[in-house]
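# below is the sequence, then the predicted model.
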Amino acid sequence: MQAQARLCFQAIGAILGEAGMTLADLVRLNAYVTEPDYLGGYMLVRDEFVAVPPPASTLMIVKGFARPEFKIEIEAVAARAP
(Lines give C-alpha, C1' and ligand atoms only; values in the text may rest on other atoms or scores of the structure.)
Protein backbone atom coordinates (compact mmCIF):
# COMPACT_ATOMS: atom_id res chain seq x y z
CA MET A 1 0.00 0.00 0.00
CA GLN A 2 2.80 2.43 0.78
CA ALA A 3 4.30 1.90 -2.68
CA GLN A 4 0.90 2.65 -4.21
CA ALA A 5 0.57 5.77 -2.05
CA ARG A 6 3.98 6.99 -3.22
CA LEU A 7 2.94 6.44 -6.84
CA CYS A 8 -0.21 8.45 -6.20
CA PHE A 9 1.69 11.37 -4.69
CA GLN A 10 4.30 11.27 -7.46
CA ALA A 11 1.51 11.41 -10.04
CA ILE A 12 -0.21 14.25 -8.20
CA GLY A 13 3.10 16.13 -8.09
CA ALA A 14 3.64 15.62 -11.83
CA ILE A 15 0.13 16.81 -12.68
CA LEU A 16 0.54 19.87 -10.48
CA GLY A 17 3.91 20.55 -12.09
CA GLU A 18 2.27 20.68 -15.52
CA ALA A 19 0.02 23.41 -14.13
CA GLY A 20 2.96 25.34 -12.68
CA MET A 21 2.08 24.26 -9.15
CA THR A 22 3.64 22.01 -6.50
CA LEU A 23 2.46 19.82 -3.67
CA ALA A 24 2.75 22.92 -1.47
CA ASP A 25 -0.34 24.22 -3.30
CA LEU A 26 -2.53 21.37 -2.02
CA VAL A 27 -5.50 22.60 -0.01
CA ARG A 28 -7.45 19.35 0.34
CA LEU A 29 -6.77 15.59 0.31
CA ASN A 30 -9.30 12.78 0.40
CA ALA A 31 -7.74 9.35 0.76
CA TYR A 32 -9.44 5.98 0.69
CA VAL A 33 -7.79 2.76 1.85
CA THR A 34 -9.11 -0.80 1.89
CA GLU A 35 -7.81 -1.88 5.31
CA PRO A 36 -7.69 -0.23 8.74
CA ASP A 37 -4.06 -1.36 9.02
CA TYR A 38 -3.19 0.98 6.11
CA LEU A 39 -4.06 4.20 7.97
CA GLY A 40 -0.65 4.68 9.61
CA GLY A 41 1.27 3.74 6.48
CA TYR A 42 -0.69 6.23 4.42
CA MET A 43 0.01 9.03 6.90
CA LEU A 44 3.74 8.23 6.87
CA VAL A 45 3.85 8.46 3.08
CA ARG A 46 1.67 11.57 3.04
CA ASP A 47 4.09 13.25 5.41
CA GLU A 48 6.98 12.48 3.02
CA PHE A 49 5.30 14.55 0.31
CA VAL A 50 3.13 17.16 2.03
CA ALA A 51 4.27 20.26 3.87
CA VAL A 52 3.57 20.99 7.52
CA PRO A 53 0.89 21.81 8.35
CA PRO A 54 -0.79 19.41 5.94
CA PRO A 55 -3.84 20.49 3.96
CA ALA A 56 -7.33 19.69 5.16
CA SER A 57 -7.88 15.99 4.68
CA THR A 58 -10.18 13.05 5.13
CA LEU A 59 -9.04 9.43 5.37
CA MET A 60 -11.67 6.72 4.92
CA ILE A 61 -11.71 2.95 4.93
CA VAL A 62 -13.65 1.50 2.00
CA LYS A 63 -14.67 -2.03 1.11
CA GLY A 64 -12.65 -2.05 -2.12
CA PHE A 65 -12.03 -0.62 -5.56
CA ALA A 66 -12.87 -1.76 -9.10
CA ARG A 67 -9.62 -3.75 -9.22
CA PRO A 68 -8.75 -5.80 -6.12
CA GLU A 69 -5.02 -5.04 -6.39
CA PHE A 70 -5.73 -1.35 -5.72
CA LYS A 71 -5.27 -0.58 -2.03
CA ILE A 72 -5.50 3.21 -1.99
CA GLU A 73 -7.02 6.13 -3.86
CA ILE A 74 -6.11 9.76 -3.26
CA GLU A 75 -8.08 12.78 -4.45
CA ALA A 76 -6.24 16.10 -4.32
CA VAL A 77 -7.37 19.69 -4.68
CA ALA A 78 -4.81 22.44 -5.19
CA ALA A 79 -5.25 26.19 -5.35
CA ARG A 80 -3.06 29.21 -5.49
CA ALA A 81 -4.05 32.66 -4.25
CA PRO A 82 -4.14 35.24 -7.02
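Sure thing, it's come through. Residues are numbered from 1 along each chain as shown.
# report the rounded mean pLDDT for the helix or strand hosting residue 11.
Here residue 11 is covered by helix 2-18, with elements defined by DSSP states H and E. Averaging pLDDT along helix 2-18 gives 98.
# before we move on, what about stretch 71-82?
pLDDT averaged over stretch 71-82 gives 93.
# what's the first-to-last distance across it?
End-to-end distance of stretch 71-82 (Cα to Cα, to the nearest Å): 36 Å.
# quick check: buried residues in it?
71, 72, 73, 74, 76, 78 (16 or more other Cβ atoms under 10 Å). For every residue, glycine as well, the C-beta is placed using N, CA and C.
# quick check: the most centrally placed residue in the chain vs residue 50, distance?
In the chain, the residue lying closest to the centroid (Cα atoms, centre = their mean) is residue 74, at 4.1 Å. Distance of residue 74 to residue 50, computed by Cβ to Cβ, to the nearest Å: 11 Å.
# shared neighbours of the two, which are they?
Common contact partners of residue 74 and residue 50 (Cβ atoms under 8 Å, 6 or more residues apart in numbering): 9, 29.
# about what we covered before: what is the helix holding residue 11 packed up against?
Contacts defined by 3 or more Cβ pairs under 8 Å, 6 or more residues apart in numbering; DSSP states H and E place helix 2-18 against strand 26-33, helix 38-49, strand 72-78.
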